[in-house]
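Undergrad: Predicted coordinates and the sequence they were generated for:
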Amino acid sequence: MTPPKPPKHPRPPRLLTPQQPGPGPEPGQPAPVPGPKPEGRQVPPLPEDVLNETNSHYLMDLADIHQRYNALERAEALLKRAVEGAKTEQDKSQAFSKLAGVLERMQDWKGSMELYEKVMAAEADPAQKANYGMRLANLYQKLEEHEKAEKLLVELSELKPAEGGQNLEWVKRMAEDRLLTVWQKQPGRLETVIKECDERLAKDPKDAAALDRLSRIYTSAQRDNVKAAEALEKLVALQPEDKELKDRLAAVYQANQQIDKALELYKQMLAGADPQVASRYAYKAGLMLARADRKDEGVALVKEHMDTKDANTATLTMLSSFYMQAQMPEEAESIYLKLAEQAKAPAQRADYLLRVADMAKQAKNYDKAEQQLRAILEQFKEDKGVKARANRALIQLYEQQGKVGELNLEK
């Protein structure tokens, strides 16, 4: 089968400002789809060659380019034309979705909301439908339609596992967090929700959804670390394999200065965890111990789980951050040098070496900082970008010493 020929475009469409009258549609040609148009906003007319275009994908791609350069009114007009020219429901839904995003950027909340309602109702993919729902709930909040926002977010927070194995837990967690902001904007609503959760738990002490909601309320919206810990402890007992719950409980214990309890949870999470996940828990636990005047214990834990031969870039970056916050600059420097050695891209390698120089500057070891920067200039003498960064760092170094007049920069 011969592939269809792309549409011919002898010249790019002429960009018109709202003040410039443009050609209207030819007789028999459809006009752009009307849409929400707040008072004071003028949408420039489309050039004739674009009005005659029927390829919705071309029009959507063209609209993307205009969006990139913040020509939102022109993108709006192109997408309305794409909606009209769409040959399938999928293409029409895609054009509506893009148009909703443009209107949202233009702060046309009502127009954007109406379009998201349309595409959400037509969407079959659970993850994409949930994404539209999140954006729609945000618009309801902007329009102070809190009851609509709450109803939608509650539905999203109670999503069942999707067919095909799609993991929608992120949707449920995000919806629960956003519900807090909706309730806080309605006087007395948060207290009503707490009462409702307490009543549900009186009937069923193992109501995980009620416990989770209370834990989130007491962690952020109505901060009470003791009550938050009580709710999370019950949740962990119900779902002992859920590491995300243990992570949240560990954070609450840390806020309550219950360091040993938090450490015990981190050790449970570290056991058998994927190396990258284990690195994150080790980093958190190490910092907690260092800040609790148990630095040696924290360093030992971090070294065991992060300072390993097969540690990847992400782990080493976290490790260098830990050493810096634990006031261990020599160890942090050794990690940056290791990262520089492993880096494949010259720009990335230079970035790590520049961090070593910056650490020396922060420690007021000016000679070492300058030596490092001069070495970078020599190593990357053919790279104009790196040379510019190193020279800027040298200027800042001399400014910090009050010796700018003595600086000799290489060209």
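TA: Thanks, I have the structure now. On a predicted model such as this, the values are computed, not experimentally measured, just so you know.
Undergrad: So Leu46 sits against Leu79, correct?
TA: No. Using Cβ atoms under 8 Å, Leu46 makes no contact with Leu79, being 11.0 Å away. All C-beta atoms are positioned from the backbone trio N, CA, C, and that covers glycine.
Undergrad: Have a look at those two and say which one is more surrounded.
TA: Under the criterion of other Cβ atoms under 10 Å, the comparison of Leu46 against Leu79 puts Leu79 first, with 32 against 25.
Undergrad: Verify the contact between that one and Val102 for me.
TA: Yes. With contact defined as Cβ under 8 Å, Leu79 and Val102 form a contacting pair (6.3 Å).
Undergrad: Report the set of residues contacting both of these two.
TA: Shared contacts of Leu79 and Val102 (Cβ atoms under 8 Å, 6 or more residues apart in numbering): Ala63.
Undergrad: Who are the contact partners of Lys344?
TA: Lys344 touches nothing, counting by Cβ under 8 Å, 6+ apart.
Undergrad: what's the pLDDT at Pro30?
TA: Note on Pro30: pLDDT of 40.
Undergrad: swap in the one 10 residues further on?
TA: Note for Gly40: predicted pLDDT of 54.
Undergrad: where are the low-confidence patches of the stretch 1-150 of the chain?
TA: Applying pLDDT under 70 to the stretch 1-150 of the chain flags residues 1-44.
Undergrad: same thing but 50
TA: 1-38 (pLDDT under 50).
Undergrad: Now do the helices in it.
TA: Using DSSP state H, counting those that start in this stretch, the helices of the stretch 1-150 of the chain run over 48-51, 56-68, 72-85, 89-105, 109-122, 126-142, 146-157.
Undergrad: Enumerate the positions of the last one that are buried.
TA: The neighbour-count criterion (16 or more other Cβ atoms under 10 Å) identifies 146, 148-150, 152-153, 156-157 as the buried residues of helix 146-157.
Undergrad: for the second one, same thing?
TA: When neighbours are counted by 16+ other Cβ under 10 Å, the buried residues of helix 56-68 are found to be 56, 58-60, 62-63, 66-67.
Undergrad: neighbours around Ala127, how many?
TA: Using other Cβ under 10 Å, Ala127 has 14 other residues around it.
Undergrad: pLDDT wise, what is Asp307 at?
TA: Looking at Asp307, its pLDDT is 89.
Undergrad: still on that earlier bit, out of the helices of the stretch 1-150 of the chain, the one nearest Ala209 is which?
TA: For Ala209, the closest of the helices of the stretch 1-150 of the chain is helix 146-157, at 8.0 Å, according to Cβ to Cβ.
Undergrad: just checking, what packs against the closest one?
TA: helix 126-142, helix 169-184 (3 or more Cβ pairs under 8 Å, 6 or more residues apart in numbering; DSSP states H and E).
Undergrad: Tell me which of these lies nearest to Tyr283.
TA: helix 169-184 (21.2 Å).
Undergrad: for the record, mean pLDDT for that closest one?
TA: Regarding helix 169-184, the rounded mean pLDDT is 90.
Undergrad: For it, buried residues please.
TA: Within helix 169-184, the residues that qualify as buried are 171-172, 174-176, 178-180, 182-183, counting by 16+ other Cβ under 10 Å.
Undergrad: before we move on, what about stretch 248-263?
TA: Neighbour count says stretch 248-263 has 248-254, 259, 261-263 buried, by 16+ other Cβ under 10 Å.
Undergrad: what does stretch 103-118 give?
TA: Buried residues in stretch 103-118, counted by 16+ other Cβ under 10 Å: 103-104, 106, 108-109, 111-118.
Undergrad: Same question for stretch 344-356.
TA: For stretch 344-356, the neighbour count (16+ other Cβ under 10 Å) marks 349-356 as buried.
Undergrad: Check stretch 383-401 too.
TA: Those would be 383, 386-387, 389-391, 393-394, 397-398, for stretch 383-401 by 16+ other Cβ under 10 Å.
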